[in-house]
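[1] Fold the stuff below for me.
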Amino acid sequence: MSLIALFSMALLIAVGCFNFSTFLVFGYTAPLSAVELTFIAFVACAAFAPLMPLGTVLLIRFTSLSLRYWQAALLSIATGLIGSVGTLVTAVFAAGGFSMTFVHGFALITAIISSLLLLVNPRQAPRIQRAGFYLMICPSAVAIWSLTNAVALAMSATSIAGTHPFCLVRDGDNEAISQLIDLRGLSIYTTKPGFKDADVSFFHSVLFVRVGNELNSYNWSLRGMRFELLAIRQFGDFPSDCTPQQDFLRTVPLVRI
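    As a prediction, this is how the structure comes out:
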């Protein structure tokens, strides 16, 4: 098992799957009930799950910490059960992002389980540790897709806009995207319903391009990895804080701190 390959996959998962906006939501809150604390703990575990493989690699490299195979097995089963239930419940309320919620949940669950298996002492159960290494390929593949989506989205938006002013918003937001890292596939998919008129339409990222006095809107297709033209009536009201401008993406930082 190559530590370099393991580190590369762990770093890929962290960059491709972690929600960097997580650090912006911490702050003082009033005393919470046991149920609220349990819910927050579950959300925190899901939020920081993409960083667990990276932490595991550091533990393997710099410490002698290890798990017994039965400890890793019990924790993995608990992670699978709790994670699956949490993913299913989240997907039910995810509207247009139903299938993407399952992909996201699968990536987080396998990232945690693979990390737990990698912590098993190789002298006790070498096959379990190898299984953890190969299992980490799954969230790594999702992370690659997520990052590829960001590149494809940026290139498509720039190509469609050309020299015209444009801006990008995520579905349900009233303001333009504030950091380029949000263009990743696991960050951009919608969990909110779009315009309803006989059929239900759901949007992920929406591109607005101002051509003269006209405003054209496009929906980002995660499956086709391209923007598709929308009728203005499909999206509804134009976001109040999304001002089309030249080279819009150049004005947005990679990560907002």
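
[2] for Ile177, helix, strand, or coil?
    coil (DSSP: H, G, I helix; E, B strand; the rest coil).

[3] Just confirm it contacts Ala157, I think it does.
    No: the pair Ile177 / Ala157 is not scored as a contact, 10.5 Å apart, by Cβ atoms under 8 Å. (Each C-beta comes from the backbone N, C-alpha and C, glycine too.)

[4] okay, and the common contacts of those two?
    Leu168 (Cβ atoms under 8 Å, 6 or more residues apart in numbering).

[5] What segments of the stretch 51-200 of the chain are helices?
    Using DSSP state H, counting those that start in this stretch, the helices of the stretch 51-200 of the chain run over residues 52-62, 69-92, 98-118, 126-135, 137-161, 185-188.

[6] in the third one, what counts as buried?
    Applying a neighbour-count criterion of 16 or more other Cβ atoms under 10 Å, one finds 100-118 buried in helix 98-118.

[7] Now do that helix: which elements does it pack against?
    Applying 3 or more Cβ pairs under 8 Å, 6 or more residues apart in numbering; DSSP states H and E, one finds that helix 98-118 makes contact with helix 3-17, helix 52-62, helix 69-92, helix 126-135, helix 137-161, helix 185-188.

[8] Over to the last one?
    The elements that helix 185-188 packs onto, with contact taken as 3+ Cβ pairs under 8 Å, 6+ apart, are helix 98-118, helix 137-161.

[9] Please name the residues that touch the residue positioned nearest the centre of the chain.
    In the chain, the C-alpha nearest the mean C-alpha coordinate belongs to Leu186, at 2.7 Å (Cα atoms, centre = their mean). Each residue near Leu186 by Cβ under 8 Å, 6+ apart is listed here: Gly16, Cys17, Met100, Val103, His104, Ala107, Val142, Ser146.

[10] Cool, thanks, signing off.
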